[in-house]
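S.K.: have a look; sequence and predicted model below, questions after that.
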Amino acid sequence: MADHVILTRFNLPSKGAESYVRAKEGWLTERVALFERYCLPSVLAQTDERTRWLIYFDPESPQWLKDRIASHGDAYTPVYRPEVSREELRSDIRSLFSQTGSELITTNLDNDDGLAADFVERLCAAPRPTTTAAYYLVNGLIKSPGGLYHRVDRHNAFVSVRESWDAPVTCWAHWHNHMHLHFPVVELGGAPGWLQVVHGGNVSNRTRGRLVSPEPYKTAFGNSLDDVSAPGTIAVAQDRLVDQPVRFLRDSGRVAAKNAAMKVLGKGGFEKIKQKLAARG
């Protein structure tokens, strides 16, 4: 049987473009609100209760945040580090278990996202074709001011890695959209398994996919969708015929530009450009 651990970076000091976003006034307050609205309830609602959850925080977090963390009880294990090396990550994960199973599954979860109630159950029940593999539940939902959108993302941020307990590399070994370059990939279909929320503090999320009614998904996502109205016939037609093609062209252009920049600049150079642009505002 595999052991499962969710990994979340909450407010770790970062050196990339995201550091400028996190430094903005009110970022931390907003993230705590989003975490308690979407992320925390979705993990507590998991139908498979074997999951452990590690969340990393900045040691210099304000006292009000540390008090809020304490108020969450044993919902997760908070760890305060200025940065996390692979060895430290392995040690932190092992400390969660008095005894370990045959394998380890780790899943990345951002602090403003949510999971369907059966995410872990579906993941752990999936077949294992190799010793080490990356897993994606490819269908998800995106909640934005314009409504709820069904999104198919084969390399989404909710990536999981299943591997041996011997020197695990975890789901943080590589960028979530580069895992296919390093591991065999297992794609799991079915109902939406995750929820992303488009809001002012997003670093990379934006509206994608097709407009849908929230009704079929409320059981899996609980109160996260309570404030989403079902779209009317005209709104759905507008989305299918006009808005969705426009979003597709927009995203295709961005992906092409990003891939071209990566080829020319490399991963390090690309991150430096992102950092400079973020610093400008």
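M.R.: Received the coordinates, thanks.
S.K.: all contacts plus neighbour counts: C-alpha atoms, from now on.
M.R.: OK.
S.K.: show me what Ala133 is bridged to.
M.R.: Note on Ala133: beta-bridge partners Arg162, judged by DSSP bridges.
S.K.: measure how buried it is and give me the count.
M.R.: 20 (other C-alpha atoms under 10 Å).
S.K.: need the contact list for it.
M.R.: Val161, Arg162, Glu163, Phe183, Pro184, Val185, Val186 (C-alpha atoms under 8 Å, 6 or more residues apart in numbering).
S.K.: quick one: it and Tyr56, what's the gap?
M.R.: Going from Ala133 to Tyr56 by C-alpha to C-alpha, to the nearest Å gives 24 Å.
S.K.: likewise Pro41?
M.R.: Here the criterion is C-alpha to C-alpha. By it, Pro41 lies 18 Å from Tyr56.
S.K.: how is this structure carved up into domains?
M.R.: Here the domain parsing of the chain from automatic domain parsing is 2-229, 232-281.
S.K.: least reliable of these by average pLDDT, please.
M.R.: Across the domains of the chain, domain 232-281 has the smallest mean pLDDT, namely a mean of 59.
S.K.: before we move on, the earlier item: out of the domains of the chain, which one sits most buried?
M.R.: Mean neighbours per residue, mean count of other C-alpha atoms under 10 Å, is largest over these for domain 2-229, with a mean of 17.
S.K.: assign a three-state SS to the residue sitting furthest away from the middle of the chain, would you?
M.R.: Distance to the chain centre peaks in the chain at Ile234, reaching 32.0 Å (criterion: C-alpha atoms, centre = their mean). Following DSSP: H, G, I helix; E, B strand; the rest coil, Ile234 is assigned to helix.
S.K.: show me the strands in the stretch 51-200 of the chain, by range?
M.R.: For the stretch 51-200 of the chain, applying DSSP state E, counting those that start in this stretch gives strands covering 52-57, 77-80, 103-108, 114-115, 133-137, 139-144, 147-152, 160-164, 185-188, 194-197.
S.K.: name the helices or strands packed onto the fourth one?
M.R.: For strand 114-115, the packing partners by 3 or more C-alpha pairs under 8 Å, 6 or more residues apart in numbering; DSSP states H and E come out as helix 40-44, strand 194-197.
S.K.: residues touching it, excluding its own?
M.R.: Tyr38, Cys39, Leu40, Ser42, Val43, Gly193, Trp194, Leu195, Gln196, Phe221.
S.K.: spatially, which two of those are the most separated?
M.R.: The largest separation in the contacts of strand 114-115, counting by C-alpha to C-alpha, is between Leu40 and Gly193 at 15.4 Å.
S.K.: does Pro214 really touch Ser224, like I thought?
M.R.: No: in terms of C-alpha atoms under 8 Å, Pro214 does not count as a neighbour of Ser224; the distance is 10.0 Å.
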